[in-house]
Structure formats: C-alpha cells, structure tokens
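In: One predicted model, sequence on top.
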Amino acid sequence: MLFDIDGTLLHGRPEGHTRAMVDAMARVWSVPVAPDDVWAVEPAGRTDREIARLVLRRQGVDDADIDRGTAEWMALAVQLHDDLHHQHPAPVAAPDADAVAGALLDAGAEVALLTGNLEQIGRTKVAAAGLGHRFGPGGGFGSDAEVRADLVGIARGRAARAHDDHDVVVVGDTPRDIAAARAAGVRVVAVTTGAHDARALADADHVVPGLTAALAVLQA
Ligand SMILES: [Mg+2]
C-alpha cells in the first residue's frame, strides 16, 4: 500500500515545505521566486523536481541550468526545511491516518510512502504529524525521480518482498496519482480529502471520502 502525503495522509497547505523550496531556488538559480510561484503551477500531485522545473522555466531558466543545479537545490531545500518548518503552520495528520496505517500493518500489509515530496522533507512532515512510526524505510519520493509514475517502480524495488501488480495499491488524492498508478500497472484508490472532488478522480478504481473508507475497500 503506497500512500501519498499531501491531501491524503496529511491535510493543510505545506507552507514550510513551499517556503524551503522557493528559498532554495532563489539561492541556487538567483531568481526572485515566492510561494505564490509554486501555487501558480498547480503543484498538487507533481513531484518537487517537476514543480521546481515549471517555476524556473517561468523565470527564464533553461533546462540545462535547471539540471545542473538540481542536486544542490534538493540538498539546500532539505536543510532550509529543517531550519524553518517550525515557523510555519504544519500540515496535520488525517484524523484516521494512524488507525488506518496501523490496521493495514496489523493485517500483514506492507505500507510505504509514495510522494512527490523530496524524501527528507516528506519524512519530516509525516513525523511531525505523528505518523513517522508507521512508515519505515522504502517508498518512492520526489528526490528519486521527476516523473511521478517512475516512483511506483522505485518503491516496489525497495519493498521488503515482491508483490504482484494486483496487490500493489496507490492511495492518493489527485488525477496525477491515478495516472502514475495506471502507468505503472497497479491499482489506485483516490480520496477526496485533497484538492479534487470525486468527479475529477473518477478514473481511479475506487473513489472514497477518506482513509477509513479506503481501508474498507482494501480489505474487501
Ligand atoms: Mg497529494
């Protein structure tokens, strides 16, 4: 079971995360960017590297310069997030996230994160929301690849054991989560707790109002 973070496990805008991303972009590429530049590229469901590329292109940075600075930017964004995330309202855990992850683990499922967040930022957010103990090593992150669909295979490669395609389920809140699961040939359950309603998520195998309902589908 591969869980998205923002809009799925955590609710609320990731203000500190966004601040760290733009401050790191400003330093690495010397561009005058602000959090609104991130919101302007509709970041939900995108990987952090994809978001950075879209923001930087709008600033006139070419792809070769973006590629050259990406490793430095990722490291700096993680460092800035560590320094400043306490100064911003933190996303909070979905009220049922801990219970649902716990129930899946108790049932013998393997549970991991599948998110566009840079890994250390995503893990810090999940830990700050009290869910860190549910998600061990493994998973797929925006620091691993720019294309979200690639994260599914990366996460499967890190799994403790091999799983058939049909037994791998992405749980996410955006059409991009659904597209990533489809491209990777695995199932997807969409929750309407993020920025998208049931109509926008209709291509998922199941659309449910939240994680408790997702659990019921997964256990059926
Ligand atoms: Mg999301």
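Out: Thanks, I have the structure now. Residues are numbered from 1 along each chain as shown.
In: Can you name the residue of the chain that approaches the ion most closely?
Out: Nearest to the ion in the chain, going by C-beta to the ion, is Gly7, at a distance of 3.8 Å. (Glycine included, C-beta is placed from N, CA and C.)
In: centroid residue for this structure?
Out: The centroid of the chain falls nearest to Thr115 when counting by C-alpha atoms, centre = their mean (2.4 Å).
In: Please tell me I have it right and that one contacts Gly7.
Out: No - counting by C-beta atoms under 8 Å, Thr115 sits too far from Gly7 to count as a contact (10.3 Å).
In: Which residues are in contact with Asp23?
Out: Ala77, Leu80, Leu84 (C-beta atoms under 8 Å, 6 or more residues apart in numbering).
In: ok so, going back, nearest residue to the residue nearest to the centre of the chain other than its sequence neighbours?
Out: Spatially, and ignoring its direct neighbours in sequence, Thr115 is nearest to Ile5 (4.3 Å; C-beta to C-beta, 6 or more residues apart in numbering).
In: can you pull the contacts of that neighbour?
Out: Counting by C-beta under 8 Å, 6+ apart, Ile5 makes contact with Leu113, Thr115, Asn117, Gly122, Lys125, Val126.
In: Pro175: how many residues sit nearby?
Out: For Pro175, the neighbour count with other C-beta atoms under 10 Å is 17.
In: Kindly state the pLDDT recorded for the closest residue to it other than its chain neighbours?
Out: Closest residue to Pro175 in three dimensions, ignoring its sequence neighbours and counting by C-beta to C-beta, 6+ apart: Ala200, at 6.0 Å. Here the pLDDT value assigned to Ala200 is 98.
In: all strands for the chain, in order.
Out: Assigned by DSSP state E, the strands in the chain fall at 2-3, 10-11, 92-93, 112-113, 169-172, 187-191, 206-208.
In: and the closest residue to Pro209 other than its chain neighbours, how many residues sit next to it?
Out: Among residues not flanking Pro209 along the chain, Thr192 sits closest, at 5.6 Å (C-beta to C-beta, 6+ apart). Counted with other C-beta under 10 Å, the neighbours of Thr192 add up to 18.
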